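[1] need a 3D model of the sequence below.
(one chain, ligands or ions: 1)
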Amino acid sequence: METEKNYHDYVIKEGKFIGDFETMYRECKDPWTQSTQPNNYSRLSGILHMRNFGINSLVECGCGLGYYAEWVYRETGIVPKSIDISETAIERANALFPHLDFKVGDITNSIENYKSYDCILLSEIIWYILPDLDQLFKTLKEHFSGKYLMVNQVFYKGTQKYGNDYFTSMEEMIKYFPFDCVAKVEATQKTDTTIETSVLFQI
Ligand SMILES: C[S@@+](CC[C@H](N)C(=O)[O-])C[C@H]1O[C@@H](n2cnc3c(N)ncnc32)[C@H](O)[C@@H]1O
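    Residues are numbered from 1 along each chain as shown. Below you'll find the predicted structure:
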């Protein structure tokens, strides 16, 4: 019987960024168990931020197979513009959720195309774009002033190996981002190895 490949090997291996997302989606059925949408504290908090701040349109950067876009749609009626770097992920997302709006794209060089949207959502993608963050901040300042940036991100309880030189917790991440934090949620259960966060910045 064929065994499922370990998706981690295509993403970050032994503390080094690999970032071969296209091969990963060809080889692995359900990386990050996206179909079961773990981290529901941060995902639901993100949806609450959308409601509380009157967000009516959204670009999800790094949407993967589209399960969170579908959840957002079901809860808010918003059809997120959903972008992923992997063609295979987008093909599969389109097949799963044909009523939503998916597109192949690298958000590190195309974000300015989406300046008509109320909010940019980065859901579980920060570790993969760390070297591009400063340029992303510049582009957001230039084209998205007054709009929102939402970051849903899991942190690890003392076991993080990658990205430590940038930030290791929600509060450190908030300090790193040059925008006004207007809402934040941090949640964990006693037995969890992770801390879920959802932060809303005004640009
Ligand atoms: C952990 S998954 C998150 C999926 C989804 N956002 C969620 O929360 O369930 C990270 C996704 O980011 C995508 N990705 C990584 N770098 C990217 C980039 N520069 N531009 C667009 N997508 C990217 C990967 O292909 C992957 O699907």
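[2] correct me if wrong: Ala89 contacts Leu65.
    Yes: counting by C-beta atoms under 8 Å, Ala89 does reach Leu65; the two are 6.0 Å apart. Yep, even glycine has a C-beta here, placed from its N, CA and C like the rest.
[3] what comes up buried for the host helix or strand of Met173?
    Using DSSP states H and E, Met173 maps to helix 170-176. Going by neighbour count (16 or more other C-beta atoms under 10 Å), the buried part of helix 170-176 is 170, 173-174.
[4] list of residues touching that helix?
    126, 133, 151, 153, 155, 166-167, 181, 184, 186, 195, 197, 199 (C-beta atoms under 8 Å, 6 or more residues apart in numbering).
[5] just the buried residues of those.
    For the contacts of helix 170-176, a neighbour count by 16+ other C-beta under 10 Å gives the buried set as 126, 133, 151, 153, 155, 167, 181, 184, 186, 195, 197, 199.
[6] can you lay out those residues as CSV showing secondary structure and distance to Asn39?
    Shown next, in CSV, are the buried ones among the contacts of helix 170-176 (DSSP: H, G, I helix; E, B strand; the rest coil; distance: C-beta to C-beta, whole Å):
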residue, secondary structure, distance to Asn39
Ile126, helix, 13
Leu133, helix, 21
Val151, strand, 13
Gln153, strand, 9
Phe155, strand, 11
Phe167, coil, 18
Cys181, strand, 20
Lys184, strand, 15
Glu186, strand, 12
Ile195, strand, 10
Thr197, strand, 9
Val199, strand, 14
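[7] read off the pLDDT value for the closest residue to Glu112 other than its chain neighbours.
    Nearest non-adjacent residue to Glu112, counting by C-beta to C-beta, 6 or more residues apart in numbering: His143, 4.9 Å away. Per-residue pLDDT puts His143 at 97.
[8] do the one 10 residues further on as well
    In this model, Gln153 is scored at 97, pLDDT.
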